[in-house]
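In: Pasting the sequence and the predicted coordinates here, then a few questions.
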Amino acid sequence: MIEKYLAELAAEHLTRRIVPLESGTGPVVRIAGREILLFASNDYLGLARHPEVVDAAARATHTYGAGSGAARLISGSLPPHMEMEQALARFKGTEAALAFGSGYLANIGVIPSLIGRGGLILADRLCHASLIDGCRLSGADFRVYRHNDLDHLTALLSRRRRVRRTLIVTDGVFSMDGDLAPLPDLAAIARSHDAELYVDDAHGTGVMGRHGRGTIEHFELEDAIPLQMGTLGKAVGSSGAFVAGPARSIQYLLQTARSFIFSTAPPPGSAAAVVAALRVIQQEPQRRARLWSNRERLLAGLKHAGFAIAATASPIIPILVGKADDTIKFSEQVLAHGVYAPAIRPPTVPEHTSRLRVTVTSEHTTAQIDQALAAFERAGRAAGIL
Ligand SMILES: *Cc1c(COP(=O)(O)O)cnc(C)c1O
């Protein structure tokens, strides 16, 4: 059974492979003994290697140890965890926040806390896998609406047999397409249909909005969407996730979210890194400015070269290819020209929409971006994409 499955994956060019880095993350990494330009990381602001963030992690590790020793409710709640949640609530402008070990854990814990059997979940078709798993785990009735299709969503809502507890679930920034959910419309639809809206802002946190507070800040919807989820392993440069919101909602999640209750607290170093990173996000807005100007340069160059680019509104820039084997060929050619960006294939994305997922950060220089553009163009011709 295992052999047959693996053989089928290989035949369809869908085998997943780990690419080992021989260096830390950053704009330049070592892969198989070569210096490679990395256009694949979600460390959008370079905070994973920011000296203040690294120092904070090192100091907390020396003071409190490498691990937390237990779940937060058992004996693992150390000063950095409390400081992290206070810093997250301040950053988000909410009464309270609760931290989770990862975004995956947050979604599979929070959604089943918000809704259960008898309820109805309507989720965007391109939602992250962790949201889908959270929806399934909740035991609620679970339907998907076409990507960002408000008419489809409204139709599903008006077809509800009786008005049941309803949760609308979406990414803020879609992780494989880079476009945004139409949150103002979704919030209005949720309100008029007596539904709640759950937004996973993994890729918006630190990136979107005037102060980097996320997609909800970008759309100025703080009052309409009181519960906000984001992750800490992407632009925040550390690890983990959070939900921020009214104190009573956070207290309820602390009592009910099983992935919080029954999982060891994150290492104190990663919590202290979050506190430092949130400070840097607020004190160094030039990082966000560089990120957006780098994104403009890369996006304009790729479009000028003639690539088919998804309708992105973020530093995630997918080059659409179509077939899985063509996408692999393209990514191999790109790597041969000294640039790494991953080939994303089904089931991560729908059939016939395989793509090279290119991400850019504030730390890429314009010379590196131009070098990457030249590599994409040459590789595109060699692979027959251009
Ligand atoms: C990355 C991601 C997650 C998972 O977060 P982790 O902290 O990596 O587990 C959840 N949702 C979305 C939309 C993501 O992009």
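Out: Right, received. Where do you want to start?

In: so who does the most centrally placed residue in the chain touch?
Out: In the chain, the C-alpha nearest the mean C-alpha coordinate belongs to A202, at 3.3 Å (CA atoms, centre = their mean). Residues in contact with A202 (CB atoms under 8 Å, 6 or more residues apart in numbering) are 103, 128, 171-173, 175, 230-231, 234, 241. In short, each C-beta sits where N, CA and C put it, glycine included.

In: and those as CSV, adding neighbour count?
Out: As requested, the contacts of A202 are exported to CSV (neighbours: other CB atoms under 10 Å):
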residue, neighbour count
G103, 26
H128, 24
D171, 24
G172, 27
V173, 27
S175, 24
G230, 30
T231, 28
K234, 28
A241, 31
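
In: Regarding the residue nearest to the centre of the chain, what is its secondary structure?
Out: Assigned with DSSP: H, G, I helix; E, B strand; the rest coil, A202 falls in the coil class.

In: which non-adjacent residue is nearest it?
Out: Distances taken as CB to CB, 6 or more residues apart in numbering put T231 closest to A202, at 4.2 Å, once the chain neighbours are dropped.

In: circling back: can you pick out the most distant pair from the contacts of A202?
Out: Farthest-apart pair in the contacts of A202 is V173 and A241; separation 14.8 Å (CB to CB).

In: Without its sequence neighbours, what residue ends up closest to the residue in the chain that the ligand sits nearest to?
Out: Distances between the chain and the ligand by CB to the nearest ligand atom are smallest at G103, namely 2.2 Å. Among residues not flanking G103 along the chain, T231 sits closest, at 3.7 Å (CB to CB, 6+ apart).

In: Give me the distance from stretch 41-48 to the chain's centre.
Out: 12 Å (CA atoms, centre = their mean, to the nearest Å).

In: I should have written stretch 15-27 there, sorry.
Out: 18 Å.

In: Repeat that for stretch 260-267.
Out: Distance, centroid of stretch 260-267 to centroid of chain: 20 Å (CA atoms, centre = their mean).

In: How about V236: what's its closest non-neighbour residue?
Out: Among residues not flanking V236 along the chain, A277 sits closest, at 4.8 Å (CB to CB, 6+ apart).

In: Is F330 in contact with L356, as I believe?
Out: Yes: assessed by CB atoms under 8 Å, F330 is found in contact with L356 at 5.9 Å.

In: Find residues that contact each of the two.
Out: 319, 321, 343.

In: can you pick the most crowded of those residues?
Out: V321 (26 neighbours; other CB atoms under 10 Å).

In: Can you give me the distance of that residue to A271?
Out: 40 Å (CB to CB, to the nearest Å).

In: which bits of the stretch 101-250 of the chain sit near the ligand?
Out: 102-104, 107, 128, 130, 171, 175, 200, 202-203, 231, 233, 241 (CB under 6 Å from any ligand atom).

In: Low-confidence stretches in the protein?
Out: Under the criterion pLDDT under 70, no range of the chain is flagged.

In: And stretch 14-23, end to end?
Out: 27 Å (CA to CA, to the nearest Å).

In: Contacts for that stretch, please.
Out: 6, 9, 29-33, 324, 340, 342, 345-346.

In: which non-adjacent residue is nearest Y252?
Out: Using CB to CB, 6+ apart, the closest residue to Y252 is S113 (7.0 Å).
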